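Participant: Got a predicted model here, sequence first, then my questions.
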Amino acid sequence: MSLFTWNKKSAASPASAPSPATRRGPSRRVILKGIGGFTLALPILEGLRPREVEAAGEESAPPFAIFFRQANGVAAAQTTNEIGMEPERWWPTQLGALTPETVAGRALAELTDHLDKLLVVKNVSMFNFNYADGHARGALQCLTARGPVVEGVGGDSEANGESLDHRIGAELNPDGRDSLFMYAGTPGGWLGGPCISYRGPNQRRAALHNPINAYQTMMGIDSEQFELVIARQNSINDLVRDQMTSLMSSPKLSAADKQRLELHFDSIRDLEDNLMCNLDDVGYAELEGKSPGYASDLGDEVLQAARAHMDIAVLAVACGYTRSAAIQIGSGNDGSTRYSNLDDNAPMENFHYLSHRRLSHDAMGDVIPNSDLLHHYVDIHFMRAYKYLLDKLSAVELINGDRLLDCGVAVFLNDLGNGPAHSARDVPIVLAGSAGGLLKQGQHVTVNNGDYLEGNHAQLLNTIGTAAGLRKNGDQYLDDFGDPALPKGVLSELLA
């Protein structure tokens, strides 16, 4: 069983979703308390909702944002010194409705099952801040829309502002709890490895690297408690077993509530099985900080660890732990990860080499044959991982029939528009989910009428922040995120 298989019937979007500006806060949730102070949040249950909420008609879960970052641009149409004219392998063939035909032959074809939930955004451009390095400019700006603290220092750069994932958590999470920031890939590397999330100017956040640590953080269990579970060869569920049994026998619970609880607990055990290797001897060693894949340089292993991070992010959002999560794969230039060749499954050259089309981290090495196609293969790997996230969010059905994906937005973003040129223009952006009806779906749109406007990336982040529930003065859409000199406000082209 995969994580969150609560109801497999198809779910229709609500006829009229409430505006995020009028949403209430998250419903009261049941919290079970167990051994050593461990707590476990449960899904919303019909039988235990406050009467006034039931009378008013319970809406969906509060909006959220999950960010999934890829480095090095995509295999879009371009002319390079190495290969010459490279064909289009990313953007849909036309603006308007997304169909299997408009994404055929593109990496986006991997998302065909979710086309009606996607908003592919063209003509988003970052500002050409003086980072003195394209990767620093892209990675450090991608969630901050800010320039460097010190100009012109390249790989030693730091962003001069807070990132959007952190602001969402700081303003919307219970008790200002930190949002989740998770990283898969080798430690260190260009820009020091984890580099997209900031508390404020020059305040880079540490990422949760090992999925086990991310799981412990989200579940509110420390290492000692976790060791207790391992020693007993039991599940996290066993720490709250008595209260679970009592709750399941409550006459207040409907049959649907009991099914939700059973599948919720099954989901937790499934996640544990994935992370703990079924609690065998090897699994115990991995729980000591050597979980396979999360620090690998092999793309298949790194992406598998990223999927574990996605499981955690979905569970955390569904249980009300956080309204925001960011998942980064690879360092600033993803210069260590070797993704597999889709033709023979053998590891290719590291992604940064492929993105440069040369056997070097600059423009001086020998040309890699077919490197434009190999870059496309990396894009496909990332779209398959992104689809995994969308599958998980779509599998969670809420009380009113909404899917969790409908309540928030899952964002795929990239540091660059392409590889060789390190362009700040046409940065690939895909939004999945309508955030309760705020965002368009099933469309490929261009912003600013297709006219180049340096820095409209800040407007994109203001739009995503608004979709996740951030407001100014209580009810106004966000227009203050990012560098003060950049255009602000939401992008109307993205609104439903």
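Facilitator: That came through fine.
Participant: mind checking how far the closest residue to A170 other than its chain neighbours is from R205?
Facilitator: Nearest residue to A170 in three dimensions, chain neighbours excluded: G176, at 5.5 Å (CB to CB, 6 or more residues apart in numbering). Bear in mind the C-beta positions are built from the backbone N, C-alpha and C, glycine included. Here G176 is placed at a distance of 14 Å from R205 (CB to CB, to the nearest Å).
Participant: quick one: the strands in the chain?
Facilitator: In the chain, the strands defined using DSSP state E lie at 31-33, 39-41, 65-70, 78-80, 84-86, 96-97, 118-122, 180-184, 198-200, 203-204, 324-329, 409-414, 429-432, 443-446.
Participant: For the last one, which strands pair with it and how are they oriented?
Facilitator: Which is strand 443-446. strand 96-97 (antiparallel), strand 118-122 (parallel) (DSSP bridges).
Participant: Mind checking the ones you listed for the one nearest to R106?
Facilitator: strand 118-122 (9.8 Å; CB to CB).
Participant: With neighbour numbers in mind, choose between G176 and R205.
Facilitator: Ranked by neighbour count (other CB atoms under 10 Å), G176 and R205 place R205 first, with 20 against 9.
Participant: these two touch, right, G200 and S163?
Facilitator: No. Counting by CB atoms under 8 Å, G200 sits too far from S163 to count as a contact (9.2 Å).
Participant: who's more crowded, those two?
Facilitator: Per other CB under 10 Å, whichever of G200 and S163 has more neighbours is S163, with 31 against 17.
Participant: Tell me, what's the model's pLDDT at the more buried one?
Facilitator: Per-residue pLDDT puts S163 at 98.
Participant: do you know how far R260 is from M248?
Facilitator: 11 Å.
Participant: Which of these two has more residues huddled nearby?
Facilitator: R260 (22 against 13).
Participant: Roughly how far does that one sit from H457?
Facilitator: Distance from R260 to H457, by CB to CB: 39 Å.
Participant: hang on, the earlier thing: would TSV of the strands of the chain with mean pLDDT be doable?
Facilitator: As requested, the strands of the chain are arranged in TSV below (pLDDT from 0 to 100):
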stretch	mean pLDDT
strand 31-33	48
strand 39-41	52
strand 65-70	98
strand 78-80	95
strand 84-86	96
strand 96-97	98
strand 118-122	98
strand 180-184	95
strand 198-200	98
strand 203-204	97
strand 324-329	98
strand 409-414	98
strand 429-432	98
strand 443-446	98
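Participant: Dump these into a markdown table; add distance to W190 as well.
Facilitator: Converted to a markdown table, these look like this (distance: least, CB to CB, whole Å):
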| stretch | distance to W190 |
| --- | --- |
| strand 31-33 | 42 |
| strand 39-41 | 37 |
| strand 65-70 | 14 |
| strand 78-80 | 21 |
| strand 84-86 | 24 |
| strand 96-97 | 38 |
| strand 118-122 | 27 |
| strand 180-184 | 14 |
| strand 198-200 | 17 |
| strand 203-204 | 14 |
| strand 324-329 | 13 |
| strand 409-414 | 16 |
| strand 429-432 | 23 |
| strand 443-446 | 31 |
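Participant: pLDDT score for the nearest residue to G154 once chain neighbours are set aside?
Facilitator: Once flanking residues are discounted, G154 sits nearest to D133: 4.0 Å by CB to CB, 6+ apart. Turning to D133, the model gives it a pLDDT of 96.
Participant: need the contact list for D133.
Facilitator: 154-155, 157 (CB atoms under 8 Å, 6 or more residues apart in numbering).
Participant: Return the member of the residues you listed nearest to D379.
Facilitator: The closest of the contacts of D133, once distances to D379 are taken by CB to CB, is G155, at 24.8 Å.
Participant: contacting residues for that closest one?
Facilitator: Counted by CB under 8 Å, 6+ apart, G155 has contacts 133, 136, 190-191, 332.
Participant: re earlier: for the strands of the chain, which one sits closest to V150?
Facilitator: It is, among the strands of the chain and with distance given as CB to CB, strand 203-204, at 13.8 Å.
Participant: can you list contacts of stretch 476-490?
Facilitator: So stretch 476-490 is in contact with 21, 127, 129, 144-147, 160-161, 164, 167, 453, 455-459, 461-463, 465-466, 470-472, going by CB under 8 Å, 6+ apart.
Participant: and if we set it to 7 Å?
Facilitator: 127, 145-147, 164, 167, 453, 455-456, 458-459, 461-463, 465-466, 470-472 (CB atoms under 7 Å, 6 or more residues apart in numbering).
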